[in-house]
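Engineer: Here you go, sequence then predicted model.
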Amino acid sequence: MTITLEMMPPLMFGGLIVAMLIGYPVAFTLAAVGLSFGFLSIYLGFFDLNFLQAIPGRIFGSVLSNELLLAIPFFTFMGAILERCGLAEDMLDSMGQLFGPIRGGLGYSVIIVGFILGAITGTVAAQVIAMALISMPVMIRYGYNIRYVTGVLAASGTITQLVPPSLVLIVLADQLGKSVGDMYLGAWGPSVFQILLFAGYTFLLSIIKPSHLPAVPKEARTLTGWALWKKCLLGIIPSAVLIFVVLGTMMMGLATPTEAGAMGAVGAIVLAAIHHKDFSATGRKVLIAGVIAGGIGTIIAMLYTENLIFKLAFAITYLAVVWICIEAVKIPDLRDLIKQGYETTMRITCMVTFILIGSTCFSVVFLGVSGGVWLEHLLTSLPGGVWGFLIFINLFIFFLAFFLDFFEIAFIILPMIAPIAQKVLAPVVGPDAALIWFGVMLCVNMQTSFLHPPFGFALFYLRGVAPKEVKSSDIYWGAMPWIGLQAIMVALVIAFPVVVTGLLDKPLDVDLNKVKIEVPQIELPPLDFGQPKQ
């Protein structure tokens, strides 16, 4: 049997699936399949050996020199520090007492804290584990339905993927060739609606089955009045400042994603230090001085031009940050925490880099055997036009997420379907917003990869920290309603693109054929061509 060029793309896909089912690491599987089919294509005469020179060219030109990907280690380090510094414990305790008097109050507190932590940590595993260790025993003790408990904890952890500054959104922006700031703006609408869906489900359940979500008894609420509000604000205000430093500066155009990530990494160390019990009184005074100086500098920048006072104010703020970071290193617990953060960052960054190198090997060969043309013909010939394309892609990603991590989906599948999505979706929302809409839609979809059986990682994390009396069947069945809510969110994003595109800048509608450039006439004095004066 002769292998034709038309047979190569489906054979490559089939070979990749078979190789991944063996269980070998995805990064090396991608490279092996790509290079194997590359040498087979050379043997069959589809291209020559020189074509494979594109692989190192793209690795060194598009992957290792990509400045946007520098943001990944910064945001990873920020999440690694914040997930273990005690911030989650304080926020869950205070929010639980604040919402405790109402039915489902502990559920609301888990959802809200999950949203806030998602905006400052960006890591699902740590968020699910931290919230489960703190909240699960409390919710079980006060009589919450065990399936609701496991479901709300797992789902509130996965919202991290959608809430900026999610690592998923950075990777999607890079693979789709769009601005990270635009991707973040597009994700805010769906992330807020997702939280409202979760809260709405909790509210309905508290009405339909009030015994499943009881209120916390009055005698169990240890804080009331100003003391309770003070504890809530001490958790929320520093988190809000860090969110502004990272997201606000990026969206206002004051910092690139890499610079914002670097500020977030330093801010995470500062936040961990001020939350630690061994943080000194001198450190607190330095913190107050730095905050006041930063406030003065900001006001001066808003009202006047930059001057000496502005520079002095921010110099004091920078010195305060340096002082607090040095103090953090002197505290043994925080020194160990920073070391663990470095190790986690190194592992995740190396994993992402090797997956990118492997996916580059695969995609170059795939495009070399006309895989792009084959895939475009396959997807554009689907029944139902745009909506048929979107439904098929979302179902495909949903089932693919049973077996692959979001990094693998983003690096393998997205580069192949992005040009087709741009072509198909541009008539619906315009060429500028098409890939933003598509990317956020897939991000909402890929949340389910952490929840659905049999390989939902959030369920594994929950199983690892849940008490023995919690059955695995309760964890799996508890996740089902929340997967349904996430599917509803995907449907809403498909049906109402304005949920994503509403905050994006409107494209300028300019007809280039009607542009006129008028140069004003300048009256010059008459030239004198007479004899030169002696």
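Structural biologist: Looks like it arrived, so ask away.
Engineer: With only the CA atoms kept, save the strand or helix carrying Ala240 in PDB.
Structural biologist: Assigned by DSSP states H and E, Ala240 belongs to helix 225-243. Coordinates of each C-alpha in helix 225-243 appear next as PDB, following Å, rounded to 0.1, in the frame of the first residue of the first chain:
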ATOM      1  CA  GLY A 225     -19.100  43.700  64.700                       C
ATOM      2  CA  TRP A 226     -16.000  45.700  63.900                       C
ATOM      3  CA  ALA A 227     -13.600  42.800  64.900                       C
ATOM      4  CA  LEU A 228     -15.100  40.600  62.100                       C
ATOM      5  CA  TRP A 229     -15.000  43.400  59.500                       C
ATOM      6  CA  LYS A 230     -11.500  44.300  60.400                       C
ATOM      7  CA  LYS A 231     -10.300  40.700  59.900                       C
ATOM      8  CA  CYS A 232     -12.200  40.600  56.500                       C
ATOM      9  CA  LEU A 233     -10.600  43.900  55.400                       C
ATOM     10  CA  LEU A 234      -7.100  42.800  56.500                       C
ATOM     11  CA  GLY A 235      -7.400  39.800  54.100                       C
ATOM     12  CA  ILE A 236      -9.100  41.600  51.200                       C
ATOM     13  CA  ILE A 237      -7.300  45.000  51.000                       C
ATOM     14  CA  PRO A 238      -3.700  43.700  50.600                       C
ATOM     15  CA  SER A 239      -5.100  41.200  48.000                       C
ATOM     16  CA  ALA A 240      -6.900  44.000  46.200                       C
ATOM     17  CA  VAL A 241      -3.700  46.100  46.100                       C
ATOM     18  CA  LEU A 242      -1.700  43.200  44.700                       C
ATOM     19  CA  ILE A 243      -4.400  42.600  42.100                       C
END
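Engineer: quick one: that helix to chain centroid distance?
Structural biologist: Between the centre of helix 225-243 and the centre of its chain there are 24 Å (Cα atoms, centre = their mean, to the nearest Å).
Engineer: and the next helix or strand after it, average pLDDT?
Structural biologist: Sequence order places helix 249-251 as the next helix or strand after helix 225-243, per DSSP H and E. Average pLDDT, helix 249-251: 76.
Engineer: helices or strands up against helix 249-251?
Structural biologist: Counting by 3 or more Cβ pairs under 8 Å, 6 or more residues apart in numbering; DSSP states H and E, the packing neighbours recorded for helix 249-251 are helix 180-208, helix 257-275. To be clear about C-beta, it is placed using only N, CA and C from the backbone, and glycine gets the same treatment.
Engineer: now the angle between helix 225-243 and the shortest one, please.
Structural biologist: Just to be clear, that refers to helix 257-275. Counting by axes from the mean of the first three to the mean of the last three Cα atoms, to 10 degrees, helix 257-275 lies at 150 degrees to helix 225-243.
Engineer: how big is the angle separating helix 257-275 from helix 180-208?
Structural biologist: In terms of direction (the same axes, to 10 degrees), helix 257-275 departs from helix 180-208 by 50 degrees.
Engineer: how about helix 257-275: buried residues?
Structural biologist: Of the residues in helix 257-275, 257-275 count as buried by neighbour count, 16 or more other Cβ atoms under 10 Å.
Engineer: May I have it as PDB, with CA atoms only?
Structural biologist: Output in PDB follows, covering the C-alpha atoms of helix 257-275 (Å, rounded to 0.1, in the frame of the first residue of the first chain):
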ATOM      1  CA  PRO A 257       2.800  41.200  31.200                       C
ATOM      2  CA  THR A 258       6.400  40.300  32.100                       C
ATOM      3  CA  GLU A 259       6.900  43.500  34.200                       C
ATOM      4  CA  ALA A 260       3.500  43.100  35.900                       C
ATOM      5  CA  GLY A 261       4.400  39.500  36.700                       C
ATOM      6  CA  ALA A 262       7.700  40.600  38.200                       C
ATOM      7  CA  MET A 263       5.900  43.100  40.400                       C
ATOM      8  CA  GLY A 264       3.400  40.400  41.400                       C
ATOM      9  CA  ALA A 265       6.300  38.100  42.400                       C
ATOM     10  CA  VAL A 266       7.800  40.800  44.700                       C
ATOM     11  CA  GLY A 267       4.300  41.700  46.000                       C
ATOM     12  CA  ALA A 268       3.700  38.100  46.900                       C
ATOM     13  CA  ILE A 269       6.800  38.100  49.100                       C
ATOM     14  CA  VAL A 270       5.700  41.300  50.800                       C
ATOM     15  CA  LEU A 271       2.200  39.900  51.400                       C
ATOM     16  CA  ALA A 272       3.600  36.700  52.800                       C
ATOM     17  CA  ALA A 273       5.900  38.700  55.100                       C
ATOM     18  CA  ILE A 274       3.200  41.000  56.500                       C
ATOM     19  CA  HIS A 275       0.900  38.000  57.200                       C
END
